[in-house]
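**Q** can you look at this prediction? I've put the sequence above it.
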Amino acid sequence: MDLTSHPLVVRARRLATDLLLPEAERVDQEGVPASHIEAVKRSGLLGVAAPAEYGGAGAPPAVLRETAEILSGACCATWFVQTQHHTPVQTLVRGEPAARDRLLGPLSRGELLSGVAYAHLRSYPRRPLRVRREGTGWRFDGTVPWYTGWGLNDVLLLAGVTDSGEALFAFAEAREQPGLRASAPMRLAALTAARTVSLELDGFRLPAEAVALRTPYARWAAGDRVRTLAVSPAVFGVAGAALSLLDDATATPLRSRLSGLRERAYALADAPVPEARGEGPGGAGTEGAGHGPAPRGGSAGEGVDDWAGERLAVRAEAYEVLRAATTAAVVAGGGRAMALTSRAQRLAREGLFLLVQGQTAESRAAHLRTLGAAPATTGEQDR
């Protein structure tokens, strides 16, 4: 499918070329400015996968992926802030009418930007953030270890697990208020610019109408597993940007590998999810993937089925090409690549970030097995 002329792809390229890429090194050091977020809002990209009846574009997953590659390749920090927005949109599509009627329109039209605070759910049965009923509403106590976009987002989608084992998702204003306090912005090796903080909640209360979704934790986890097995489009965006810094002789073989992996990864993402795996709320384009052969050499490991194994293998291979591409860009840049004004070193650090973004225990174990596998030997060394 040729997406080059799709209106949202055209807008994404214009935004990347005119604003994000020229400012990327400065943003990396100083932080994503509010003006970047306003430009994203005006572009219509926040509604790329939102339903048309609420003012969104209702575009297919391929368009969402293409625009994500463009934005991440230009400025990964700005991409990361805005990509949080798509999960709240899709949660509202499936969610409670009161929250949907109040927020889905403004989020779909890009009038509001939402962040997310739910990655800690993956640590269950440990519950860093506890939710319990209080009166007609809900009370939140505990810690959200990671929250991105503080000071840039208008609202946040907050999630916790109840004593009865439900995953509960509710919207709040993204600002300090009674019972909700943010840490100082974290200093990170990459994407400090995305304004990531931790949130402390102490008796933070939300009314019943703030709740977007309540679902059994097991059902949410099944859908989340589907999403976290997929390769992020940003892997291809950042790798492609790194390859653009190389001469043709160096870039061509890596570009060929990257293109083949991209095709495989997106084919898996577009395949239907086997019914037995269940579906949970989440981001756009999370239809999952169908059955496939086991990864070569059983690299997905014991206890990981063929369906998941193929996706984990493709994900690990994509990381390897990302590492090679960003390392090559640094090597080609020589000593100049060590300057904080160097695009190559910024992309290399962003590549490190992508290795752990959306990581689960399952994907981490599979990636480590791949990294620790003995390379095949050939020639005289085989004898």
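**A** Noted; the coordinates are in hand. Numbers count the residues shown, from 1 in each chain.
**Q** looks to me like residue 145 is in a strand.
**A** Yes - residue assignment for residue 145, taken from DSSP: H, G, I helix; E, B strand; the rest coil, places it within a strand.
**Q** state the number of residues packed around it.
**A** 16 (other C-beta atoms under 10 Å). Where you see a C-beta, it was placed from the backbone N, CA and C, and this is true even at glycine.
**Q** my guess is it meets residue 122, correct?
**A** No - between residue 145 and residue 122 there is no contact under C-beta atoms under 8 Å: 10.9 Å.
**Q** so residue 13 sits against residue 71, correct?
**A** No - between residue 13 and residue 71 there is no contact under C-beta under 8 Å: 9.6 Å.
**Q** now do the helices in this protein.
**A** Using DSSP state H, the helices of the chain run over 7-15, 21-30, 34-43, 61-74, 76-83, 86-93, 97-108, 217-229, 233-243, 248-270, 306-333, 343-356, 361-372.
**Q** same list, the ones you listed, but as JSON lines with distance to residue 129 please.
**A** Output for the helices of the chain, formatted as JSON lines (distance: least, C-beta to C-beta, whole Å):
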{"stretch": "helix 7-15", "distance to residue 129": "34"}
{"stretch": "helix 21-30", "distance to residue 129": "30"}
{"stretch": "helix 34-43", "distance to residue 129": "26"}
{"stretch": "helix 61-74", "distance to residue 129": "28"}
{"stretch": "helix 76-83", "distance to residue 129": "22"}
{"stretch": "helix 86-93", "distance to residue 129": "17"}
{"stretch": "helix 97-108", "distance to residue 129": "19"}
{"stretch": "helix 217-229", "distance to residue 129": "13"}
{"stretch": "helix 233-243", "distance to residue 129": "26"}
{"stretch": "helix 248-270", "distance to residue 129": "29"}
{"stretch": "helix 306-333", "distance to residue 129": "27"}
{"stretch": "helix 343-356", "distance to residue 129": "21"}
{"stretch": "helix 361-372", "distance to residue 129": "19"}
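**Q** with mean pLDDT added, can I get those helices in a markdown table?
**A** Formatted as a markdown table, these follow (pLDDT from 0 to 100):
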| stretch | mean pLDDT |
| --- | --- |
| helix 7-15 | 98 |
| helix 21-30 | 98 |
| helix 34-43 | 98 |
| helix 61-74 | 98 |
| helix 76-83 | 98 |
| helix 86-93 | 97 |
| helix 97-108 | 98 |
| helix 217-229 | 94 |
| helix 233-243 | 98 |
| helix 248-270 | 97 |
| helix 306-333 | 96 |
| helix 343-356 | 98 |
| helix 361-372 | 92 |
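**Q** of those helices, which is nearest residue 1?
**A** Closest to residue 1 of the helices of the chain, according to C-beta to C-beta: helix 61-74, at 5.8 Å.
**Q** what's the angle from the closest one to helix 343-356?
**A** Between helix 61-74 and helix 343-356, the angle comes out at 130 degrees (axes from the mean of the first three to the mean of the last three C-alpha atoms, to 10 degrees).
**Q** put the alpha carbons of helix 61-74 into PDB.
**A** Output in PDB follows, covering the C-alpha atoms of helix 61-74 (Å, rounded to 0.1, in the frame of the first residue of the first chain):
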ATOM      1  CA  PRO A  61      -3.300   1.000  11.300                       C
ATOM      2  CA  ALA A  62      -0.800   1.300   8.400                       C
ATOM      3  CA  VAL A  63      -1.300   5.100   8.400                       C
ATOM      4  CA  LEU A  64      -0.700   5.300  12.100                       C
ATOM      5  CA  ARG A  65       2.500   3.300  11.800                       C
ATOM      6  CA  GLU A  66       3.700   5.400   8.900                       C
ATOM      7  CA  THR A  67       3.200   8.700  10.700                       C
ATOM      8  CA  ALA A  68       4.800   7.200  13.800                       C
ATOM      9  CA  GLU A  69       7.900   6.300  11.800                       C
ATOM     10  CA  ILE A  70       8.100   9.800  10.400                       C
ATOM     11  CA  LEU A  71       7.700  11.600  13.700                       C
ATOM     12  CA  SER A  72      10.100   9.300  15.700                       C
ATOM     13  CA  GLY A  73      12.800   9.500  13.000                       C
ATOM     14  CA  ALA A  74      12.600  13.300  13.200                       C
END
